[in-house]
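Undergrad: output the structure for:
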Amino acid sequence: MKELWTEKYRPRTVSDYVFTDANQRQMVESWIQEGTIPHILLSGSPGTGKTTLAKVLINELGVAEFDVLQINASRDNGVDFIKKSVEGFVQTMPFGKFKVVLMDEADYLSPPAQGIMRGLLETYASQARFIFTCNMPHKIMDALHSRCQSFHIDKSDVTEFTARAATVLVSEGMEFDLDTLDSYVKATYPDLRKCLNLLQSNTTTGTLTKPNENDRGVKDWKLEAVNFMKMGAIRQARSVICTQAAVEDINEMFRWMYDNLELWSKTPEGQDEAILAIRKGMVNHSMVADPEINLSATLVELCQVEK
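TA: Have a look, this model is predicted:
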């Protein structure tokens, strides 16, 4: 079975990791030099490298595998699980200097579970460190924020994002053209993990397949929408987004619209107008009975902005 590109090309050292903030790099390097870390809260958009940075830290600090507990809180987020699994793990002495609990998607933790976590951070600080990752830091209670060193990981520049995707394709010996790669970039930016997964799924013939070409590639509603937009078929793009995207993806859609403002307008004035339309759609989203109608209305407004 072929190794996933997301794992094969995941940075494992600080020198390999691409920081968007020089101050964050300096702080991480100082922790490694000191041989210890505080409790950490890493926030940012999906696929921007939060879990990767956590694993880089664990690797660089030489924390043994049996001293690490990794949890995805989108699945395991209740009080009973925290008491049984997390507390059971941290209350025993580490084999090395300290244990590390890496909790991904911590914004899914229920408020009572976050309250339990707060107590664990304090009680077991001498023998355990907690690294939380989340997409929405405002869902993390203040009591946890105040006990952690917070890092917000900004998305990489789209040029850097494209270069990293292209580097993987070249390393794998795949043939591709820049316009096709650009479609995948626009459909997934800033989520590099999703981009690499789609690229790997659509290069089984040794060549990067154009989105939906002869139905050989893995379909993705964003890819289809971008393809229509490039052809100037705005109505078809809007139809794809509204009919194929799942309701639970709507929050992600608004973020995707914002991250790809150049799809709606090439001018600064037009992009400003697009931002206002996206914000209006997000505000209305929490109040309307039918999210699909609101999304469709938002897309109509976006398609009318100055190009």
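
Undergrad: OK, contacts around the nearest residue to Ser43 once chain neighbours are set aside?
TA: Nearest-residue entry for Ser43: Pro137, 4.1 Å, with adjacent residues in sequence omitted and distances by C-beta to C-beta, 6 or more residues apart in numbering. All C-beta spots, glycine's among them, are computed from the backbone N, C-alpha and C. The contact partners of Pro137, taken as C-beta atoms under 8 Å, 6 or more residues apart in numbering, are 41, 43, 107, 145, 150, 152.

Undergrad: change it to 10 Å
TA: 41-44, 106-107, 144-145, 150, 152 (C-beta atoms under 10 Å, 6 or more residues apart in numbering).

Undergrad: buried subset of those residues, written for ChimeraX?
TA: Of the contacts of Pro137, the buried ones go into a single ChimeraX selection, burial set by 16 or more other C-beta atoms under 10 Å:
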select :41,42,43,44,106,107,144
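
Undergrad: can you redo the contacts of Pro137 as CSV with pLDDT and distance to Gln33?
TA: Shown next, in CSV, are these (pLDDT from 0 to 100; distance: C-beta to C-beta, whole Å):
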residue, pLDDT, distance to Gln33
Leu41, 97, 22
Leu42, 96, 20
Ser43, 94, 25
Gly44, 90, 24
Ala106, 94, 27
Asp107, 92, 31
Leu144, 93, 27
His145, 93, 26
Ser150, 93, 21
His152, 93, 23
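
Undergrad: export the contacts of Pro137 to CSV and tack on distance to Phe81 and secondary structure?
TA: Putting the contacts of Pro137 into CSV (distance: C-beta to C-beta, whole Å; DSSP: H, G, I helix; E, B strand; the rest coil) gives the following:
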residue, distance to Phe81, secondary structure
Leu41, 20, strand
Leu42, 21, strand
Ser43, 22, strand
Gly44, 25, coil
Ala106, 13, helix
Asp107, 16, helix
Leu144, 17, helix
His145, 22, helix
Ser150, 24, strand
His152, 27, strand
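
Undergrad: contact partners of the helix or strand encompassing Asn284?
TA: Taking DSSP states H and E as the criterion, Asn284 maps to helix 268-285. By C-beta under 10 Å, 6+ apart, the residues outside helix 268-285 that reach it are 250-251, 253-258, 260-265, 267, 288, 291, 293-307.

Undergrad: centroid residue for the protein?
TA: The residue lying closest to the centre of the chain (C-alpha atoms, centre = their mean) is Pro46, at 1.0 Å.

Undergrad: which residue is the nearest non-sequential neighbour of it?
TA: Pro46 sits nearest to Asp191 (C-beta to C-beta, 6+ apart), 5.0 Å away.

Undergrad: could you check how many residues crowd around the one you found?
TA: Neighbour count of Asp191, defined by other C-beta atoms under 10 Å: 21.

Undergrad: residue boundaries of the helices in the stretch 101-250 of the chain?
TA: 111-123, 142-145, 158-171, 178-188, 192-201, 221-230, 234-244, 250-259 (DSSP state H, counting those that start in this stretch).

Undergrad: any chance of those helices in a markdown table, plus distance to Asn72?
TA: Rendered in a markdown table, the data for these read as follows (distance: least, C-beta to C-beta, whole Å):
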| stretch | distance to Asn72 |
| --- | --- |
| helix 111-123 | 13 |
| helix 142-145 | 17 |
| helix 158-171 | 24 |
| helix 178-188 | 21 |
| helix 192-201 | 14 |
| helix 221-230 | 23 |
| helix 234-244 | 26 |
| helix 250-259 | 17 |
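
Undergrad: relative to Ser286, how far out is Glu122?
TA: As judged by C-beta to C-beta, to the nearest Å, Glu122 and Ser286 stand 35 Å apart.

Undergrad: re the thing from before, helix 250-259 and the helix holding Asn284, what's the angle between them?
TA: Counting by axes from the mean of the first three to the mean of the last three C-alpha atoms, to 10 degrees, helix 268-285 lies at 170 degrees to helix 250-259.

Undergrad: CA atoms only: put helix 268-285 into CSV for me.
TA: This file holds the C-alpha atoms of helix 268-285, laid out as CSV (Å, rounded to 0.1, in the frame of the first residue of the first chain):
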residue,chain,number,x,y,z
PRO,A,268,-9.2,45.6,-4.4
GLU,A,269,-12.5,47.4,-4.4
GLY,A,270,-14.3,44.3,-5.7
GLN,A,271,-12.7,42.2,-3.1
ASP,A,272,-13.8,44.6,-0.3
GLU,A,273,-17.3,44.3,-1.7
ALA,A,274,-17.0,40.5,-1.6
ILE,A,275,-15.9,40.5,2.0
LEU,A,276,-19.0,42.5,3.0
ALA,A,277,-21.2,40.0,1.2
ILE,A,278,-19.5,37.1,2.9
ARG,A,279,-19.9,38.7,6.3
LYS,A,280,-23.6,39.4,5.6
GLY,A,281,-24.1,35.8,4.6
MET,A,282,-22.3,34.5,7.8
VAL,A,283,-24.4,36.7,10.0
ASN,A,284,-27.6,35.6,8.4
HIS,A,285,-26.6,32.0,8.5
